[in-house]
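A.B. asks: What shape does this take:
(4 chains)
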Protein chains: 2
Amino acid sequence: MKSFEINQAWGGTEKCLKCPIRNLALFADLQQADFNLLHQPINEFSFEAGESLYTEKGTAKFVYTIRSGMIKLVRYLPNGSYRIIRLLRKGDLAGIETLNGSTYLHHAITLQKTEVCRIPVEEIEALNSNTPHLYKQLTVQWQKSQNDADIWLSELTVGTSKQRIANLLLYLANNSSEEDSFYLPSRDDIGALLAITTETASRIVAEFKRQSLLHTEHQVAQINKPELMLIIKAGN
Amino acid sequence: MKSFEINQAWGGTEKCLKCPIRNLALFADLQQADFNLLHQPINEFSFEAGESLYTEKGTAKFVYTIRSGMIKLVRYLPNGSYRIIRLLRKGDLAGIETLNGSTYLHHAITLQKTEVCRIPVEEIEALNSNTPHLYKQLTVQWQKSQNDADIWLSELTVGTSKQRIANLLLYLANNSSEEDSFYLPSRDDIGALLAITTETASRIVAEFKRQSLLHTEHQVAQINKPELMLIIKAGN
DNA sequence: CGGACGTTTGAGGAACATCAAAGCCTGTGG
DNA sequence: CCACAGGCTTTGATGTTCCTCAAACGTCCG
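C.D. replies: Numbering: from 1, shown residues only, chains lettered A, B, ... in the order given. Predicted structure coming up:
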């Protein structure tokens, strides 16, 4: 485990108020007075790629706000394989299921270097019973992840493998924090995202590269969006 | 449109307080005083099978609590086919996306005779700003539908068609309001649920019937759970 | 009775999984 | 500095699954 805490001493109110992703994050609507209700520190952590924030069925004590990087929510299947349920990025929340249960429902694993704020569940519960400002933002977050899951279900599980991968690449490109590039997951993860095998994922990614629809340098990718959209429609 | 309103004059507080599914529903935690905050009536409606509660991108003014029956949330794909995103049953909420947006995100279509309570969005917003009791229940509902979507993604989109259908039958059986039977969707809908074709769905359902793993009378079905679980594991 | 609709069944081919092996990059240790 | 081990990716050959197109069947209802 190479993760480390960035700031031992929590700056408190000012820190959150000045947070660069505050408008995206859970505390977006909180007022100065609300912050005074906090008793435990909100700690910042930094994770390297491949580290685990929490595991399925693990005791759930924290919710995480993602400041940068990317996280996959994973579920292992009875046969030993795994399926990626969702990808989380800047501004997303990991582990909100703790608000209604005592255990996590997925494994949360970083795909890149990722920075998070770790919020104790009790603090969220305390805020909720003392100020109404948090609920609104929780509702927004819920809506976001629900909508993401729906897109996944309706678009990323239908059509040929080629169409699915084209769809995934567009999804990744459109949700990237960079303007014209994005993080390309491993072939294994692409397979787990789309319910196809690693080999099929590799074959199609390689084909896209040969056709110059996709350029990669390490895991930084760029794509030809119009052409990929044609593939999604035509299937060719 | 054959739907009809059951009770023109809303009984108000007493009606909700005595609601047989109150413990399941949105208003579970509301107190007597909270009900006094309501200004518009909560109307009850009854729909026949195949009717539409609302359509995707339609102006969203109501949330629906399902009292009995079953609803499919549908999204149409660019190629003209459709995909069922989720199934809703007794106690579930349809159209909660209206709390963060002005349009619905799916088509909601009844699969059976279905009774609902129709709640104006403004009433929910009014309650939310005046009492904290509703939020908790909204969170629970959110969690439920999110969890449902996750199960869908992790279990109903992987494996062979035979495994998926076996999985679906078990899901339907375990979530039915009857003890030992459940509603079996049309082959078209089974296809749209599992991202397979109507023909494949038909072939496998017919095979299950021949093997006596599944008995149907019209759309009422019974299954041999242990055998189907074996199929999910073994694939045979 | 005849038409509409949902279901079943068949034949053929395309897409994908599986098994297997080779290539490539990176980091480590001699 | 080179050799080598390990992980990830690519490619190939083969077989199975499932989609596609097509037609027949049953059931319900006007």
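
A.B. asks: I'd guessed residue A:215 sits against residue A:184; true?
C.D. replies: No: with contact defined as CB atoms under 8 Å, residue A:215 does not reach residue A:184; the gap is 10.0 Å. C-beta: built from backbone N, CA, C; applies to glycine.

A.B. asks: Need the overlap of contacts for the two.
C.D. replies: Taking CB atoms under 8 Å, 6 or more residues apart in numbering or on different chains as the criterion, residue A:215 and residue A:184 both touch residue A:221.

A.B. asks: Settle it for me: which of these two has more neighbours?
C.D. replies: For residue A:215 versus residue A:184, the count of surrounding residues by other CB atoms under 10 Å in any protein chain shown is larger for residue A:184: 23 against 14.

A.B. asks: Could you measure from the residue nearest to residue A:182 when sequence neighbours are not counted over to residue B:202?
C.D. replies: Closest residue in space to residue A:182, ignoring its immediate chain neighbours: residue A:176 at 3.6 Å, by CB to CB, 6 or more residues apart in numbering or on different chains. Separation of residue A:176 from residue B:202 (CB to CB, to the nearest Å) stands at 42 Å.

A.B. asks: For chain A, what lies in contact range of chain B?
C.D. replies: A:75, A:77-79, A:81, A:83, A:85, A:97, A:99-101, A:105-106, A:128-129, A:132, A:135, A:138-140, A:142-143, A:145-147, A:149-150, A:152-155, A:157-158, A:195, A:233 (CB under 8 Å from any CB of the partner chain).

A.B. asks: contacts with DNA strand C among the residues you listed, please.
C.D. replies: residue A:195 (CB under 7 Å from any atom of the strand).

A.B. asks: Which of the residues of chain A next to chain B fall within strands?
C.D. replies: Judged by DSSP state E, strands contain the following of those: A:75, A:83, A:85.

A.B. asks: Now do the same contact list for the last one.
C.D. replies: Read that as residue A:85. Taking CB under 8 Å, 6+ apart, one finds A:73-75, A:106, A:149, B:150, B:153-154 in contact with residue A:85.

A.B. asks: Give the bridge partners for the closest residue to it other than its chain neighbours, please.
C.D. replies: Spatial nearest neighbour of residue A:85, chain neighbours left out: residue A:73 (4.6 Å); criterion: CB to CB, 6+ apart. Residue A:73 has these beta-bridge partners by DSSP bridges: residue A:86, residue A:108.

A.B. asks: quick one: pLDDT of residue A:73?
C.D. replies: pLDDT, residue A:73: 96.

A.B. asks: And residue A:10, by the same measure?
C.D. replies: pLDDT recorded at residue A:10 is 59.

A.B. asks: Residue A:123 touches residue A:39, doesn't it?
C.D. replies: Yes: contact criterion CB under 8 Å: residue A:123 and residue A:39 qualify, at 7.0 Å.

A.B. asks: So which of the two has more stuff around it?
C.D. replies: residue A:123 (18 against 9).

A.B. asks: Can I get the strand or helix carrying the more buried one as PDB, trimmed to CA atoms?
C.D. replies: For residue A:123, the host element (DSSP states H and E) is helix A:121-130. What follows is helix A:121-130, C-alpha atoms only, in PDB (Å, rounded to 0.1, in the frame of the first residue of the first chain):
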ATOM      1  CA  VAL A 121     -19.900   8.700   7.500                       C
ATOM      2  CA  GLU A 122     -20.800  10.000  11.000                       C
ATOM      3  CA  GLU A 123     -20.000  13.500   9.800                       C
ATOM      4  CA  ILE A 124     -22.400  13.200   6.900                       C
ATOM      5  CA  GLU A 125     -25.100  11.900   9.200                       C
ATOM      6  CA  ALA A 126     -24.400  14.700  11.600                       C
ATOM      7  CA  LEU A 127     -24.600  17.300   8.900                       C
ATOM      8  CA  ASN A 128     -27.800  15.800   7.500                       C
ATOM      9  CA  SER A 129     -29.600  16.000  10.800                       C
ATOM     10  CA  ASN A 130     -28.500  19.500  11.500                       C
END
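
A.B. asks: Show me the contact partners of it.
C.D. replies: Residues outside helix A:121-130 that contact it (CB under 8 Å, 6+ apart) are A:26, A:30, A:34, A:37-40, A:42, A:60-63, A:98-99, A:133-135, B:132, B:135.

A.B. asks: roughly how far is it from the heart of the chain?
C.D. replies: Distance of helix A:121-130 from the chain centroid (CA atoms, centre = their mean, to the nearest Å) equals 23 Å.

A.B. asks: try stretch A:211-219
C.D. replies: On CA atoms, centre = their mean, the centre of stretch A:211-219 falls 23 Å from that of its chain.

A.B. asks: Tell me the span between the first and last residue of that stretch.
C.D. replies: End-to-end distance for stretch A:211-219, by CA to CA, to the nearest Å: 18 Å.

A.B. asks: Equivalent analysis for stretch A:203-222, please.
C.D. replies: Distance across stretch A:203-222, first residue to last, is 18 Å (CA to CA).

A.B. asks: And stretch A:154-167, by the same measure?
C.D. replies: Start-to-end, stretch A:154-167 (CA to CA) is 11 Å.

A.B. asks: where does the residue nearest the centre of chain A sit relative to residue A:219, distance-wise?
C.D. replies: Closest residue to the average C-alpha location of chain A: residue A:88 at 0.7 Å, with CA atoms, centre = their mean. Using CB to CB, residue A:88 is found at 17 Å from residue A:219.

A.B. asks: and what of residue A:82?
C.D. replies: From residue A:82 to residue A:219 the distance is 19 Å (CB to CB).

A.B. asks: ok, those two, which is more surrounded?
C.D. replies: Between residue A:82 and residue A:219, counting by other CB under 10 Å, residue A:82 is the more crowded of the two (18 against 13).

A.B. asks: count of residues packed around the closest residue to that one other than its chain neighbours?
C.D. replies: Spatially, and ignoring its direct neighbours in sequence, residue A:82 is nearest to residue A:76 (4.9 Å; CB to CB, 6+ apart). Burial measure for residue A:76: 14 neighbouring residues, criterion other CB under 10 Å.

A.B. asks: Ok, residue A:107 next?
C.D. replies: For residue A:107, using other CB under 10 Å, the count is 21.

A.B. asks: How about the contacts made by it?
C.D. replies: Contacts for residue A:107 (CB under 8 Å, 6+ apart) come out as A:52, A:54-56, A:73-76.

A.B. asks: So what's the residue count around residue A:50?
C.D. replies: 10.

A.B. asks: what do you get for residue A:228?
C.D. replies: Neighbours of residue A:228 using other CB under 10 Å come to 21.

A.B. asks: And for the one 3 residues further on?
C.D. replies: Other residues near residue A:231 come to 22 when the count uses other CB under 10 Å.

A.B. asks: cool, residue A:155 as well?
C.D. replies: For residue A:155, the number of neighbouring residues by other CB under 10 Å comes to 20.
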